[in-house]
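A.B. asks: With the sequence up front, the predicted model follows.
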Amino acid sequence: MSRAAIRPALAAALALAAALGCAPRAPAGPASPAARPEAEAPSPASAGTVYLRLAETHPADYPTTKGDYEFARLVEERSGGRIRIVVYPGSELGQERAVIEQVQFGGIDLTRVSVSVTASFAPVLNALQMPYLYRDNEHMWKVLKGDIGRELLAQLEGAGFVGLGWFEPGSRNFYNSVRPVRVPEDLRGLRIRVQENEFMMSLASAFGAVPSPMPYGEVYAGLQTGTIDGAENNWPSYYSTSHYEVARYLTLDEHSCVPEIILGSKESLGELSAADQELIRAAAFDAIDYQRAEWAAYEKLAEEKVRAAGTLVVPIKDKGAWQALMAPLYARQSPEVRAVIERVRALR
Ligand code: GTR
């Protein structure tokens with residue numbers, strides 16, 4: 001399996017290759033345990049070390065990837081080396097949507113992705129990506145680490161996932177290569193790339209833009225060739241992808257904070273003991289503060305670098321006009337999503 005227990009010799013080779021930055025794909029293998037050679041082992045837990053693959057979009061030095069490594073470190077330490085998470089950064093295992101599909105049927109064990117893309121598989125998560133939802137960062141973290149966040153993670157079981165934890169996402173802003181955007185009307189007609197999620201398409205439309213869903217890895221070329229005029233993201237992503245080099249107008253409208261989520265495969269983690277599943281769950285949660293600290297430092301660096309490169313940054317002091325345009329999007333949400341939104345708003 002790429003999934004729970006890979007045979008020890010192969011697993012060691014994989015880990016070594018991963019450490020050298022040239023990890024081969026673990027054998028794709030048929031889904032049925034009986035058809036896999038490693039199914040000879042009685043159970044993952046007793047077969048020696050269990051190797052789990054974690055897919056990450058961002059490069060190795062990105063703060064969120066560093067959070068993944070911390071999660072892996074905690075799991076390895078707390079399991080006394082019995083469970084090892086091998087992180088595959090830089091979309092090595094595929095773009096987010098495809099990775100989530102694989103996690104759903106057990107082809108990939110773990111991933112860190114955006115709530116946006118995950119919401120296409122579990123629509124209740126749309127509640128967490130509503131524009132201008134959180135009063136501030138502290139409010140968002142109270143939601144994510146508290147009952148609401150934990151209940152939503154638990155609900156993901158119904159969609160074939162084990163919801164493990166959240167990472168800091170920053171605020172998302174529009175950027176483009178055509179003109180400075182100072183008021184929402186300036187977005188009118190601009191082809192803005194959004195994540196592959198219906199909700200994000202509606203959001204861009206509600207601002208007057210023409211939404212263009214595409215995988216993250218294709219955005220730079222899209223901007224460069226003019227297939228799209230712009231996109232939207234947080235400071236770290238705008239910087240690390242070099243989008244700022246080809247889309248030099250950035251507007252700090254801060255339309256949404258879309259949490260990052262750590263997802264496990266129910267199929268794959270279900271093969272572990274309840275105690276080990278709990279160990280993994282706790283480690284994911286315990287990696288949050290580390291990732292948040294890394295995020296804060298990198299966000300600052302990203303902003304400095306982007307500004308130094310001569311990007312035209314438009315601050316938005318009064319976001320009233322931007323927020324007002326989002327009312328229809330709120331009105332369109334399902335009763336289930338609206339119930340979560342109400343709870344989020346009521347949380348003090
Ligand atoms: C980033 C997020 C990625 C990916 C990307 C995107 O902020 O961390 O997981 O979703 O945005 O826009 O595709």
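C.D. replies: Good, I have the coordinates.
A.B. asks: and the stretch 201-348 of the chain, which residues reach the ligand?
C.D. replies: Within the stretch 201-348 of the chain, the positions lying close to the ligand (CB under 6 Å from any ligand atom) are 216, 233-234, 237, 260. (Each C-beta comes from the backbone N, C-alpha and C, glycine too.)
A.B. asks: Spit out the contact partners of I85.
C.D. replies: Going by CB atoms under 8 Å, 6 or more residues apart in numbering, I85 touches 51-54, 68, 71-72, 75-76, 110.
A.B. asks: is it in a bridge, and if so with what?
C.D. replies: Note on I85: beta-bridge partners by DSSP bridges are L52.
A.B. asks: Provide the backbone phi and psi angles at the residue in the stretch 51-200 of the chain that the ligand sits nearest to.
C.D. replies: Taking CB to the nearest ligand atom as the measure, the point where the stretch 51-200 of the chain comes nearest the ligand is S114, at 3.3 Å. When quoted as degrees, to the nearest 10, the phi and psi of S114 stand at phi -90, psi 150.
A.B. asks: all strands for this protein, in order.
C.D. replies: Listed from the start of the chain, the chain has strands (DSSP state E) covering 50-56, 83-88, 110-114, 161-167, 172-176, 191-194, 210-213, 230-233, 249-256, 260-265, 312-315.
A.B. asks: Relative to W322, which of the ones you listed is closest?
C.D. replies: Closest approach to W322 among the strands of the chain (CB to CB): strand 249-256, 5.2 Å.
A.B. asks: What lies in contact with the closest one?
C.D. replies: Contacting residues not belonging to strand 249-256 are listed as 129-133, 171-182, 203, 207, 230, 232, 238, 244, 306, 311-316, 319, 322, 326 [CB under 8 Å, 6+ apart].
A.B. asks: same thing with stretch 281-297?
C.D. replies: Counting by CB under 8 Å, 6+ apart, 63-64, 66-68, 70-71, 74-75, 78, 145, 162, 164-168, 170, 236, 262 sit against stretch 281-297.
A.B. asks: Any quick PyMOL command for the buried ones out of these?
C.D. replies: Buried residues among the contacts of stretch 281-297 (16 or more other CB atoms under 10 Å), as a PyMOL selection:
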select buried, resi 63+64+66+67+68+70+71+74+75+78+162+164+165+166+167+168+170+236+262
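A.B. asks: Okay, and which of the contacts of stretch 281-297 map to helices?
C.D. replies: Counted as lying in helices by DSSP state H, out of these, are 63-64, 66-68, 70-71, 74-75, 78, 145, 236.
A.B. asks: In these, find the pair that's most separated.
C.D. replies: Maximum pairwise distance among those (CB to CB): 28.4 Å, between R78 and P236.
A.B. asks: so what's V143 closest to, chain neighbours aside?
C.D. replies: V344 (5.3 Å; CB to CB, 6 or more residues apart in numbering).
A.B. asks: oh, I was asking about G222
C.D. replies: Excluding its sequence neighbours, the residue lying closest to G222 (CB to CB, 6+ apart) is I228, at 4.3 Å.
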